[in-house]
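[1] sequence plus predicted model, see below.
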Amino acid sequence: MNSFFETGYTIDQLHEAYARRAVSVTDVMRQFFDYARIHDASIGAFLELFEQEGMARAATLDAEQERRDASSPLPPLFGVPVAIKDNMLYARHHASAASKILEHHISAYTGTAVQKLLDAGAVIIGRTNLDEFAMGSSTEYSAFGVTRNPYDPEKVPGGSSGGSAAAVAGNMVLASLGSDTGGSIRQPAGLCGVVGLKPTYGAVSRYGLMALASSLDQIGPLAKTVRDAARVFSVITGQDPLDATSAPATYENLFINRAAVKKKVLGVPREYFIDGMDADVAVAVRGVIDRFVKDGFVIKEISLPHTQYALSCYYIILPAEASSNLARFDGVRYSRLTDVPVDAGLLDVYRLQKGMGYGDEPTRRILLGTFVLSSGYYDAYYAKAQKVRRLILDDFQKAFDDGVDAMLTPVTPTTAFRIGEKKDNPLSMYLSDIFTIPVNLAGLPALSLPVGSGFSKTNMPINFQIIGKHFDERTILSLGDYYEAHLKPTA
């Protein structure tokens, strides 16, 4: 039998095979682990595979299937192999955020989104690599090694959810969870050619997610198709009493019919087509817009004038919140020291911790955040950035109020770049997220999905982005699904 992963099964197809009892969870999971053990050696998407536990859960699910009446529906993610980013808590499992500080940390409880996966029948098969504490755009800043792009191992998979994206793109799982603070789901989805959904801020509980920037972070799915991403999203969404920022939004049906989709007005922000973009990317995304036009959609050019300030605004707000959130990892509460003298003072402990702390990128951002929050600089930087953030949100709101239902934009200005190419140039690295950051600042939902074949001269994936109104994931998912079904070019 061909591997489900080699033949590119979707969650829908696997779910249907389980419903027919054509396959067992044990068979599927055995294929996965055999495949992942070989192929991840050259990619490095996973920090750890939960093989023994995964096979035990598969046997339990098969036993449940035997007892289930043939006519009763299966849970939505029954027997689906899913990976989680290593900044999400899963009780009695390691959660290190790809840092040396938390290398041996064991989660005391399970985060809400992860628990919802389990309740829906998923098999969590491992934790994926990321940039340390989710700070980065290439997964080169992990303390445990670089993750490589499955399309070209000499190139990055994007970040910070690079491991989650590479696991899906490398056919090692059917879906994964990532976190998106400034594009960390959508950008790696774009560089790896998979689907990534950044939900509306508050649509998915952040309980059990290691906080980077609390007003920006959001958990979301990566998958092979829009329908698979929607299936995972429908499982993890919902208000959570353990997260005060989660919202009471309901999503009964995530797709609307073809006639309703074609009535949507799509905005194209002129600020998202800038000098310095790869010609391949510009041509590919313009090609997507042309396909919507030729199919009868109304396209409206719009302006989001404060977009030009988004990057600067973000790199004040994010470091400020990060410096506060990450202060707990000072080497005292989460210490790697095993033999501290009884009479050691605080300064002695800090000296002993030398070399056991943050990597370069977290250090850079924490120092910047501490600076912008310091006395005399708070009003000049942080307070002003929050005012600009409001203007960025107002730009989006004005466009929506003027009749635009969703927006079409690029995801990244370039295709995947070479490992090491931008690591020593932080500003160049930060520009990788120039098209994704405004969405987080505004708290909007956005979908990253592949353009299709035949656009990149380097044979690397190119994605485009659909941005929607607050809590209107239904529209962007419906548009994405319509594109995949009717407009996406194939080889």
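    In hand now; what should we look at?
[2] quick one, strands of the chain?
    46-49, 81-85, 123-128, 175-180, 195-198, 218-223, 265-269, 298-302, 406-410, 446-450, 463-468 (DSSP state E).
[3] can you redo those as TSV with mean neighbour count?
    Backbone N, C-alpha and C define where each C-beta goes, glycine included. Formatted as TSV, those follow (neighbours: other CB atoms under 10 Å):
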stretch	mean neighbour count
strand 46-49	20
strand 81-85	29
strand 123-128	27
strand 175-180	30
strand 195-198	32
strand 218-223	29
strand 265-269	19
strand 298-302	15
strand 406-410	24
strand 446-450	30
strand 463-468	27
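[4] closest to Pro248 out of the ones you listed?
    Nearest to Pro248 among these is strand 218-223; the distance by CB to CB comes to 16.3 Å.
[5] the closest one: how far from the chain's middle?
    5 Å (CA atoms, centre = their mean, to the nearest Å).
[6] same check on stretch 217-228?
    Put simply, stretch 217-228 sits 7 Å off its chain's centre (CA atoms, centre = their mean).
[7] hmm, back to that, among the strands of the chain, which is nearest Phe371?
    Proximity to Phe371 (CB to CB) singles out strand 175-180 among the strands of the chain, at 25.0 Å.
[8] which strands and helices sit next to that closest one?
    Applying 3 or more CB pairs under 8 Å, 6 or more residues apart in numbering; DSSP states H and E, we find strand 175-180 packed against strand 81-85, helix 112-119, helix 162-169, strand 195-198, strand 218-223, helix 226-236.
[9] if we go to 6 Å?
    Contact analysis of strand 175-180 by 3 or more CB pairs under 6 Å, 6 or more residues apart in numbering; DSSP states H and E lists strand 81-85, helix 162-169, strand 218-223 as its packing neighbours.
[10] what angle sits between the first one and helix 112-119?
    Direction vectors for strand 81-85 and helix 112-119, defined by axes from the mean of the first three to the mean of the last three CA atoms, to 10 degrees, enclose an angle of 170 degrees.
[11] other SSEs contacting strand 81-85?
    Secondary elements touching strand 81-85 (3+ CB pairs under 6 Å, 6+ apart): strand 123-128, strand 175-180.
[12] export those to JSON lines and tack on distance to Gln13?
    Below are the helices and strands packed on strand 81-85 laid out as JSON lines (distance: least, CB to CB, whole Å):
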{"stretch": "strand 123-128", "distance to Gln13": "17"}
{"stretch": "strand 175-180", "distance to Gln13": "13"}
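[13] so what's the spatially closest residue to Pro319 that is not a sequence neighbour up against?
    Spatial nearest neighbour of Pro319, excluding adjacent residues (CB to CB, 6 or more residues apart in numbering): Gly369 at 3.3 Å. The neighbours of Gly369, taking CB atoms under 6 Å, 6 or more residues apart in numbering as the test, are 319-320, 322-323.
[14] as CSV, the helices and strands packed on strand 81-85 with distance to Tyr381 and mean pLDDT would be great.
    Below are the helices and strands packed on strand 81-85 laid out as CSV (distance: least, CB to CB, whole Å; pLDDT from 0 to 100):
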stretch, distance to Tyr381, mean pLDDT
strand 123-128, 34, 98
strand 175-180, 24, 98
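[15] out of those, which is closest to Asn87?
    strand 175-180 (6.2 Å).
[16] circling back: mind putting the helices and strands packed on strand 175-180 in CSV, distance to Ser24 and mean pLDDT included?
    Formatted as CSV, the helices and strands packed on strand 175-180 follow (distance: least, CB to CB, whole Å; pLDDT from 0 to 100):
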stretch, distance to Ser24, mean pLDDT
strand 81-85, 13, 98
helix 162-169, 23, 98
strand 218-223, 23, 98
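[17] out of the ones you listed, which comes closest to Asp12?
    Nearest to Asp12, of the helices and strands packed on strand 175-180 and by CB to CB, is strand 218-223 at 10.4 Å.
[18] helices or strands up against that closest one?
    Contacts defined by 3+ CB pairs under 6 Å, 6+ apart place strand 218-223 against helix 162-169, strand 175-180, strand 195-198, helix 226-236.
[19] pLDDT of the third one, averaged?
    Within the predicted structure, the mean pLDDT of strand 195-198 is 98.
[20] tell me which strands it pairs with, and in which orientation.
    strand 218-223 (antiparallel), strand 446-450 (antiparallel) (DSSP bridges).
[21] give me the residues contacting the last one.
    Spelled out, that is strand 446-450. Contacts with strand 446-450, where a contact means CB under 6 Å, 6+ apart, come from 186, 189-190, 193, 195-198, 411, 439, 461, 463, 465-467, 476, 480.
[22] just stretch 273-289 next, same as before
    Applying CB under 6 Å, 6+ apart, the external contacts of stretch 273-289 come out as 268, 408, 410, 413-414, 451, 455-457, 462, 464.
[23] mean confidence for that stretch?
    Averaging pLDDT along stretch 273-289 yields 93.
[24] and it, how far out from the chain's middle?
    Offset of stretch 273-289 from its chain centre (CA atoms, centre = their mean): 23 Å.
[25] give the buried residues for it.
    273, 277-278, 280-281, 284-285, 287-289 (16 or more other CB atoms under 10 Å).
[26] hmm, back to that, any chance of the strands paired with strand 195-198 in CSV with distance to Ile236 as columns?
    Compiled in CSV, the strands paired with strand 195-198 are given as follows (distance: least, CB to CB, whole Å):
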stretch, distance to Ile236
strand 218-223, 7
strand 446-450, 15
